[in-house]
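S.K.: I would like to see how this sequence folds:
(4 chains)
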2 protein chains.
Amino acid sequence: MKNLLHPDLAFRLNGRLWIEGPDDRFMGIGRLELLEKIQRLGSISKAAQEMGMSYKRAWELVSSMNQQAREPLVSTQTGGKRGGGAVVTAAGQQMLREFAALQARFQAFLAEETQRLAE
Amino acid sequence: MKNLLHPDLAFRLNGRLWIEGPDDRFMGIGRLELLEKIQRLGSISKAAQEMGMSYKRAWELVSSMNQQAREPLVSTQTGGKRGGGAVVTAAGQQMLREFAALQARFQAFLAEETQRLAE
DNA sequence: AGGCGTTATGTTTGCAGGAATACAACGCTA
DNA sequence: TAGCGTTGTATTCCTGCAAACATAACGCCT
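M.R.: A predicted model of the protein is given here:
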């Protein structure tokens, strides 16, 4: 394969992985990162800010995940201490762990194939 | 994982794989299909038509691949018998084989992980 | 010589999807 | 009770990218 690529350019194998429902994406790398940030920051708005994404978009992603999951992955509260906030539920944490593990296996696959690519 | 998904909805694991250069994508599933159709039909325009894509877009993809490859993957001729045409070079055919094989291994990975998903 | 189907390339148009903006409701806190 | 930082939601504005359109050149073929 390497012998087919232009010698002056640096190439790299890349890919994406996601779980999709009938109408909508359910889980992907972006949603995973969003979950992580919500867990760390306790707020959808702060997580959105850190991802350089509008609050509305982040909220829509959370809503989509919650609707497609058996039980909500993120639980929210409007008003109250600090104005409210969001927490990742136990189900959300399990999702986070399992999808992160899947991602890791995918990265391993990519690394392995990248090796093969260089031959 | 299955226990986290909404029981009424059908989910499926999906993904994409591609090779990218510094500025532009080099090879992906769409470009692979385009190569296959060009080889079968002997023409960029016919291949574009069969893919439901504009000729211009197909031509740009071919141009991008040819520029990034060590040697052109598709060779074209303007004018002449049948108005001209395009053929996939030997390098193009090797690319086609190798990337198709990579795709197949990726599909196997997806299938395996889909199994694991259902647990 | 003229027609045809193709490659090759520039220009304009349309549109989907995200960003930006706006605003109501909520419930601690001071 | 007023303020603050959230969630929740509607609406308008942008813009990047693909589609659509247009046109030239090319070289067989009749």
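S.K.: can you tell me if the longest strand seen in chain A touches chain B.
M.R.: If you go by DSSP state E, chain A has its longest strand at strand A:12-20. Yes. Strand A:12-20 is in contact with chain B by Cβ under 8 Å from any Cβ of the partner chain, via A:12-20. Heads up, the C-betas are built off the backbone N, CA and C, glycines and all.
S.K.: Now do residue A:78: how many residues are near it, please.
M.R.: For residue A:78, the count of nearby residues is 7 (other Cβ atoms under 10 Å in any protein chain shown).
S.K.: Test my guess that it contacts residue A:86.
M.R.: No. Taking contacts as Cβ atoms under 8 Å, residue A:78 lies outside contact range of residue A:86: 10.0 Å.
S.K.: sorry, back to before: what does the longest strand of chain A contact?
M.R.: Outside strand A:12-20, the residues that touch it by Cβ atoms under 8 Å, 6 or more residues apart in numbering or on different chains are A:25-29, A:99, A:102-103, A:106, A:110, A:113-114, A:117, B:11-20, B:106, B:117.
S.K.: How about residue A:72: what's its closest non-neighbour residue?
M.R.: Using Cβ to Cβ, 6 or more residues apart in numbering or on different chains and skipping the chain neighbours, the partner closest in space to residue A:72 is residue A:66 (4.3 Å).
S.K.: which residues touch that neighbour?
M.R.: Counting by Cβ under 8 Å, 6+ apart, residue A:66 makes contact with A:72-74.
S.K.: Now it: phi and psi?
M.R.: Main-chain dihedrals, residue A:66, degrees, to the nearest 10: phi -60, psi -40.
S.K.: Tell me the pLDDT of it.
M.R.: Residue A:66 carries a pLDDT value of 97.
S.K.: Report the secondary structure state of residue A:8.
M.R.: Classification of residue A:8 by DSSP: H, G, I helix; E, B strand; the rest coil places it in coil.
S.K.: Put the buried members of the contacts of strand A:12-20 into a PyMOL selection.
M.R.: Selection of the buried residues among those in PyMOL, burial being defined by 16 or more other Cβ atoms under 10 Å in any protein chain shown:
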select buried, (chain A and resi 25+26+27+28+99+102+106+110+113+117) or (chain B and resi 11+13+15+17+18+19+20+106+117)
